[in-house]
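**Student:** can't give you the sequence, but here's the structure:
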């Protein structure tokens, strides 16, 4: 059974600070990852896809992949109250033929 | 692009009744996924299709659940008979082929079985 684990939180962060989220995975074959954001009562939306060749930055978001320790992280810089949501991690497994299995998600609360 | 369209948005039904959830994927996306989300179990993959063909239905909880994709623009998830423990939000998602293409989710159907 391939496992994807995330701290459920909530991760409380003051406005303007950096939120750091981690996702650990059990399958060493997982080389790339999706990060999704889900607001309460809404559907998940894609915020980042990181390939096997390392870090990726997109605006205030930075994804980092640590293959040796089998975790991928998401940093949210200058956190805003609008970043309050649940963040879901999912490894992309090409061998699994498009199948995407999500972690349980980390709830982030950004306090003004 | 209208995105992934799901209907109905909300469904309340009595235990034992048949429930049919519908999904229209994004045109050109050749993979379609049905997920279920609950507080206890998170976001679970139920079944997915590639080019209208079911590839993996190992997440379908019981024989009461069935899914079809008769063509590239339509899929259904049916529960017969429904039970209170089926209450959840059901999401449909679609995706184009290729690494890096994101999965686009529909707005979901909130199912309540009483």
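**Tutor:** The structure has been received and is ready for your questions. Keep in mind that what you see is a predicted model, and the values were worked out from it rather than measured.
**Student:** near chain A, which residues of chain B?
**Tutor:** Selection of chain B residues close to chain A by C-beta under 8 Å from any C-beta of the partner chain yields B:31, B:33, B:42-43, B:45, B:48, B:50, B:55-56, B:91, B:95, B:97, B:99-100, B:102-108. Heads up, the C-betas are built off the backbone N, CA and C, glycines and all.
**Student:** tell me, how many residues neighbour residue 71?
**Tutor:** No chain specified, so I'll use chain A. Neighbour count for residue A:71, taken as other C-beta atoms under 10 Å in any protein chain shown: 17.
**Student:** nope, chain B
**Tutor:** Around residue B:71 there are 8 residues (other C-beta under 10 Å).
**Student:** just list whatever residues bridge to it.
**Tutor:** residue B:74 (DSSP bridges).
**Student:** my guess is it contacts residue B:52. True?
**Tutor:** Yes - counting by C-beta atoms under 8 Å, residue B:71 touches residue B:52, with 6.5 Å between them.
**Student:** tell me the pLDDT of residue A:28.
**Tutor:** On pLDDT, residue A:28 comes in at 69.
**Student:** where along chain B do the strands fall?
**Tutor:** B:5-7, B:10-13, B:19-24, B:31-38, B:42-50, B:53-56, B:65-71, B:74-79, B:88-95, B:104-105, B:109-113 (DSSP state E).
**Student:** for the second one, packing partners?
**Tutor:** This means strand B:10-13. Where contact means 3 or more C-beta pairs under 8 Å, 6 or more residues apart in numbering or on different chains; DSSP states H and E, strand B:10-13 is packed against strand B:19-24, strand B:109-113.
**Student:** test my guess that residue A:98 contacts residue B:48.
**Tutor:** Yes - contact status for residue A:98 versus residue B:48: in contact at 6.6 Å, counting by C-beta under 8 Å.
**Student:** more neighbours: which of those two?
**Tutor:** Neighbour tally, residue A:98 and residue B:48, criterion other C-beta under 10 Å: the higher count belongs to residue B:48, 28 against 22.
**Student:** residues contacting that one?
**Tutor:** A:98-99, B:31-34, B:54-56 (C-beta atoms under 8 Å, 6 or more residues apart in numbering or on different chains).
**Student:** try it again with 10 Å
**Tutor:** A:96-100, B:31-35, B:54-57, B:59, B:67, B:69, B:75, B:93-95, B:103 (C-beta atoms under 10 Å, 6 or more residues apart in numbering or on different chains).
**Student:** same check, this time on residue B:105
**Tutor:** A:36, A:38, A:42-46, B:3-4, B:6, B:33, B:35, B:43, B:91-94.
**Student:** residue ranges with poor pLDDT in the chain?
**Tutor:** If you meant another chain, say so; for now it's chain A. A:1-2, A:28, A:30, A:52-53, A:95-97 (pLDDT under 70).
**Student:** try chain B instead
**Tutor:** For chain B (pLDDT under 70), the answer is B:1.
**Student:** let's see that with 80 instead.
**Tutor:** B:1, B:98-100 (pLDDT under 80).
**Student:** which residue is nearest the middle of it?
**Tutor:** The centroid of chain B falls nearest to residue B:34 when counting by C-alpha atoms, centre = their mean (3.1 Å).
**Student:** specify the beta-bridge partners of that residue.
**Tutor:** residue B:47, residue B:92.
**Student:** just checking, it touches residue B:65?
**Tutor:** Yes - taking C-beta atoms under 10 Å as the definition, residue B:34 is a contact partner of residue B:65 at 9.0 Å.
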